[in-house]
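Colleague: heads up, no residue letters with this:
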């Protein structure tokens, strides 16, 4: 009898299908995966440590760089935590605009996921379609905030500024056109036989396992758990909008794909509702000790200039305590656990990244399946190493 | 509302000898429990049919240096049944091991590795306790308060030994 040995293969960290710098060590018996070990940390920048050395306002730009496809959502999770710590209420208009921006960002994030996931499996056309629509959203962000990938648009207590003149028409045009675009994507994939064969019954994780591994977001919903932070713990006036939580049933790659497509439709519907219901009023809370003054006041009024200087250099001192606030980011539940010791810098900023726990369940999904399915499974859990490694 | 929290009531009934303290801040309940009981308490909260804290949302460390015991390990539990979050905290001294909850929630596998990596809190009975974000022969634990933000060697040129 010839001796059979397992073969060890290293995949990544520069493999294009690992979406960044994930490294997988795969032990193979022929083409079947016996054991998979993810190695992470290649993009570790110590964001949690850096946050401890900064004032509360200065942490916001760091959050953009966690999951860099979902910057608005990251901003939102952080400012919600600090606002909870301070106990301040944000004006209604700002809350609605936050919802509008995070939902546009969700569409943009899912478009990147769809394009790259399809490209991994061999459907190239979609990438060009997806980036065309994503560009529209990034142009809107650029006009609103000045930044495309890292807008840093949200502030503690509200927003950096109100919407610029005429942007609502552009958002409306995008929202009106998007359902037709969705149809274009779906004709390419949803009933495509090659797509079905590569994704159906691949990378399955059951409901119970998904919960036990701490999986959240579309990956959890693909396994049939109807749970969403926006419904379970509504924040930023989400209770004012009508939307459904799409779920899958089997928990395979196809279900996760299907859930994300439906989520894009609902996100689009939410943006439409925010446009229709958008109230008038200020976009910053009235709390001079915490909130930065509007830019035009800083340039014309000495008291505002002093206030701006004081808050930007010294920051503010929230009461002693600890809070946890989370949002439904594009990847899952993104939470910030902020501990304050009463000084102007946080004692601890813990980021609960959704991709970290979703990725930890990857070996569970791929062990026992074929090596070709690893690529489609990684794509289907939609990881971004920026937030896994922090 | 603190005394009325169902999980807290049950915990105090189930572990009467244990010093369980609860605090409420901005509507969030934090329960400090003794370190030696953490595994039993977690298993109880997971398995109790009325509570069913089936998800470990987060597990992280906090360094309160120079207080003693300096560390806190913070567990954030979620129950789908009650739609409720519960925060458990234990105080951990330097070098003291904590019982792993990996056998209850698989999510704890990577979360405990991260706490071990960044704070140096070892977990007992963990199946695979290695560093996760930093490389294996890295020295020090960066999220400790006595670790400099810019790193211990930032002003020294990096010359690897060949």
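Modeller: Yes, it's here. Predicted model only: the values in this text are computed from it and were never measured.

Colleague: now residue A:49: how far from chain B?
Modeller: The gap separating residue A:49 from chain B is 6 Å, by CB to the nearest CB, to the nearest Å. C-beta here means a position set from N, CA and C on the backbone, and glycine is covered the same way.

Colleague: contacting residues around that residue?
Modeller: B:142, B:143, B:147, B:149 (CB atoms under 8 Å, 6 or more residues apart in numbering or on different chains).

Colleague: please report phi then psi for the third one.
Modeller: Its backbone dihedrals place residue B:147 at phi -100, psi 120, with angles given as degrees, to the nearest 10.

Colleague: next, count neighbours for it.
Modeller: Per other CB atoms under 10 Å in any protein chain shown, the neighbour tally for residue B:147 reads 18.

Colleague: cool, and the last one?
Modeller: Neighbour count for residue B:149, taken as other CB under 10 Å: 12.

Colleague: please name the spatially closest residue to it (chain neighbours excluded).
Modeller: residue A:53 (4.7 Å; CB to CB, 6 or more residues apart in numbering or on different chains).

Colleague: isn't that neighbour right up against residue B:147?
Modeller: No: Residue A:53 is beyond contact range of residue B:147, at 11.4 Å (criterion: CB atoms under 8 Å).

Colleague: what would the contacts of residue A:49 look like in JSON lines with distance to residue B:84?
Modeller: Below are those laid out as JSON lines (distance: CB to CB, whole Å):
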{"residue": "B:142", "distance to residue B:84": "33"}
{"residue": "B:143", "distance to residue B:84": "28"}
{"residue": "B:147", "distance to residue B:84": "35"}
{"residue": "B:149", "distance to residue B:84": "36"}
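
Colleague: okay, now the residue in chain A that chain B sits nearest to: neighbour count?
Modeller: In chain A, no residue comes nearer to chain B than residue A:214, which is 3.0 Å away by CB to the nearest CB. If you count neighbours by other CB under 10 Å, residue A:214 ends up with 29.

Colleague: likewise residue A:51?
Modeller: Residues contacting residue A:51 under the criterion other CB under 10 Å number 24.

Colleague: equivalent analysis for residue A:301, please.
Modeller: Neighbourhood size, residue A:301 [other CB under 10 Å]: 14.

Colleague: just residue B:146 next, same as before
Modeller: 10.

Colleague: let me see the ranges of the strands in the stretch 1-150 of chain A.
Modeller: Applying DSSP state E, counting those that start in this stretch to the stretch 1-150 of chain A gives strands spanning A:7-11, A:23-29, A:32-39.

Colleague: make TSV from those strands and add mean neighbour count and distance to residue A:73 to it.
Modeller: Putting these into TSV (neighbours: other CB atoms under 10 Å in any protein chain shown; distance: least, CB to CB, whole Å) gives the following:
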stretch	mean neighbour count	distance to residue A:73
strand A:7-11	13	29
strand A:23-29	17	27
strand A:32-39	16	24
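
Colleague: could those go into CSV alongside mean pLDDT and distance to chain B?
Modeller: Formatted as CSV, the strands of the stretch 1-150 of chain A follow (pLDDT from 0 to 100; distance: least, CB to the nearest CB, whole Å):
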stretch, mean pLDDT, distance to chain B
strand A:7-11, 87, 16
strand A:23-29, 89, 12
strand A:32-39, 90, 9
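
Colleague: since that was my last question, I'll sign off now.
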